[in-house]
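Engineer: Starting from these lines, generate the structure:
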Amino acid sequence: VLLLTKILLFVALGAAGWWHRRATIPVLHRSESPARSRAFWRLAGVEVLLMGAVMGVAVALGSSAPPVPQDPVAEPGPAFDLTGYPAPPPPSVVTYLTQWRPDILFASLAVAGVVVYLTWA
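Structural biologist: Just a heads-up that it's a prediction; the model follows:
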């Protein structure tokens, strides 16, 4: 619930920024002093309120406990002891697309390959 709330507030912050850029910024450029001041303070107030709400939900999300899996592993074997994950199912097209986990070794090799390619190209 906290994650969905943060996502919705973050989208609302982006929408408010878009709206202010589209509606408030032109008012700031063309208005006289009282309308200009009111438009600026409305812009600042709305953005500060939304940013504060996003940060408050982020703090609540950061201080909540991570989810704990409720299903015990059926047969923990050597693969589970070494990796903390159960043994993967037999390979198929579907498992190649759905059963993957990020691997720090291959991720660092991929980043190194991109860096080498960009420096040589």
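Engineer: Can you say which helix or strand has Ala112 in it?
Structural biologist: Assigned by DSSP states H and E, Ala112 belongs to helix 104-120.
Engineer: gap between stretch 66-75 and the chain center?
Structural biologist: Mean-position distance between stretch 66-75 and its chain equals 25 Å (C-alpha atoms, centre = their mean, to the nearest Å).
Engineer: what do you get for stretch 40-51?
Structural biologist: In terms of C-alpha atoms, centre = their mean, the centre of stretch 40-51 is found 22 Å from the chain centre.
Engineer: pLDDT (mean, whole number) over that stretch?
Structural biologist: Averaged across stretch 40-51, pLDDT comes to 85.
Engineer: Could you do stretch 13-31 as well?
Structural biologist: For stretch 13-31, mean pLDDT rounds to 81.
Engineer: How far away from the center of its chain is it?
Structural biologist: On C-alpha atoms, centre = their mean, the centre of stretch 13-31 falls 25 Å from that of its chain.
Engineer: hmm, who's touching that stretch?
Structural biologist: By C-beta atoms under 8 Å, 6 or more residues apart in numbering, the residues outside stretch 13-31 that reach it are 35-36, 39-40, 42-43, 46-47, 50-51, 54. Glycine gets a C-beta too; all of them are placed from N, C-alpha and C.
Engineer: quick one: the helices in the chain?
Structural biologist: Under the criterion DSSP state H, the chain contains helices at 2-19, 25-30, 33-63, 78-83, 93-98, 104-120.
Engineer: ok, now how distant is Ser63 from Phe10?
Structural biologist: 18 Å (C-beta to C-beta, to the nearest Å).
Engineer: Ok, Pro76 next?
Structural biologist: Distance, Pro76 to Phe10, using C-beta to C-beta: 39 Å.
Engineer: ok so, going back, format the helices of the chain as JSON lines; extra columns: distance to Gln70 and mean neighbour count.
Structural biologist: What follows is those, written out as JSON lines (distance: least, C-beta to C-beta, whole Å; neighbours: other C-beta atoms under 10 Å):
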{"stretch": "helix 2-19", "distance to Gln70": "18", "mean neighbour count": "14"}
{"stretch": "helix 25-30", "distance to Gln70": "50", "mean neighbour count": "12"}
{"stretch": "helix 33-63", "distance to Gln70": "20", "mean neighbour count": "13"}
{"stretch": "helix 78-83", "distance to Gln70": "17", "mean neighbour count": "10"}
{"stretch": "helix 93-98", "distance to Gln70": "21", "mean neighbour count": "9"}
{"stretch": "helix 104-120", "distance to Gln70": "27", "mean neighbour count": "9"}
